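S.K.: Can you look at this prediction? I've put the sequence above it.
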Amino acid sequence: MANNKIISKILTSDNIFFQNILHFFLSTHLIPLKEYSFPYLPKDGELLVSIKTTSGDILATKLNELPNPSSKDFIQLSTRILINGCYEILKENPINRKVSPEIMEFFRHIRNASSHNGSFLFIRNEPTKLARWRNLEIKKDLDKTELFDFIAIGDIILFLGDIIQEIEN
C-alpha cells in the first residue's frame with residue numbers, strides 16, 4: 001500500500017533531511033530525473049553529470065551512460081549513505097533533543113552498521129541502552145547481522161519521516 005502522505009511530508013524542503021532524502025530518491029532513480037524539473041537541466045534532453053576539479057578541468061559523462069542503479073547492492077549502498085548523512089546532520093543539531101532517546105540510539109546503531117560495510121558490529125557491551133523504533137529493537141544477538149536483513153530499505157524512509165514528525169511536534 002502506498003503511503004503518499006509520508007513521501008510528500010519528507011520531500012518538503014523545510015525538513016532537516018530534505019537534501020539527503022531527495023539525493024537518495026534521485027540517485028536510485030526512485031524519482032525519474034527527467035520528470036523532476038530542475039531549472040538548470042538543459043532543454044535539449046542531453047543530460048550531463050559534471051564535476052569540476054581544482055585544476056579547472058571538468059569531468060563529465062552523459063547521464064544515460066552511468067551504471068544502472070537498479071541493482072540491490074547499489075540501492076543498499078545509497079541507503080547506507082542516506083543513513084550516514086542524515087545521522088550526522090541530526091547528531092550535530094541541538095534539535096536532536098526533541099527525538100526520543102531510544103530512537104536516537106536506534107539511529108546510532110543503524111548508522112554504525114551502515115559505516116561497517118552494512119553489518120552490525122558490536123564492541124564491548126553494545127548495545128547498552130534501549131534502541132527501539134516501532135516494532136524493531138536492536139539487541140546483542142544482531143552482532144554480525146546484515147543491516148538490511150534486519151530492516152527494509154523502505155523502512156529507512158519511514159524512520160526518517162518519524163524523526164521529522166517528532167522534531168515538528
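M.R.: Structure received. Numbers count the residues shown, from 1 in each chain.
S.K.: Would you mind measuring the gap between the ends of stretch 114-134?
M.R.: 20 Å (C-alpha to C-alpha, to the nearest Å).
S.K.: List the buried residues in it.
M.R.: 114, 118-120, 122, 126-127, 131-133 (16 or more other C-beta atoms under 10 Å). Backbone N, C-alpha and C define where each C-beta goes, glycine included.
S.K.: Point out where this structure drops to low pLDDT.
M.R.: 1-13, 26-51, 59-71 (pLDDT under 70).
S.K.: Strands along that one, start to end?
M.R.: Using DSSP state E, the strands of the chain run over 48-52, 58-62, 132-133, 136-137.
S.K.: Can you tell me which of the buried residues of stretch 114-134 end up in helices?
M.R.: The helices, defined by DSSP state H, take in Ser114 from those.
S.K.: and Asn169, how many residues sit next to it?
M.R.: 6 (other C-beta atoms under 10 Å).
S.K.: How about the contacts made by it?
M.R.: Asn169 is in contact with Lys98, counting by C-beta atoms under 8 Å, 6 or more residues apart in numbering.
S.K.: quick one: it from Ile95, how far?
M.R.: Remark: distance between Asn169 and Ile95 (C-beta to C-beta, to the nearest Å) = 12 Å.
S.K.: longest helix of this protein?
M.R.: helix 72-91.
S.K.: Pull that helix out as CSV, backbone CA atoms only.
M.R.: Extracted C-alpha coordinates of helix 72-91, given in CSV (Å, rounded to 0.1, in the frame of the first residue of the first chain):
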residue,chain,number,x,y,z
LYS,A,72,20.4,-4.5,-5.0
ASP,A,73,24.0,-3.5,-4.0
PHE,A,74,23.7,0.0,-5.4
ILE,A,75,20.4,0.7,-3.7
GLN,A,76,21.7,-0.7,-0.4
LEU,A,77,24.9,1.5,-0.7
SER,A,78,22.7,4.6,-1.5
THR,A,79,20.6,3.8,1.6
ARG,A,80,23.6,3.4,3.8
ILE,A,81,24.9,6.8,2.5
LEU,A,82,21.5,8.3,3.3
ILE,A,83,21.5,6.9,6.8
ASN,A,84,25.0,8.2,7.5
GLY,A,85,24.3,11.7,6.1
CYS,A,86,21.1,12.1,8.0
TYR,A,87,22.6,10.8,11.2
GLU,A,88,25.5,13.3,11.0
ILE,A,89,23.1,16.2,10.3
LEU,A,90,20.9,15.3,13.3
LYS,A,91,23.7,14.4,15.7
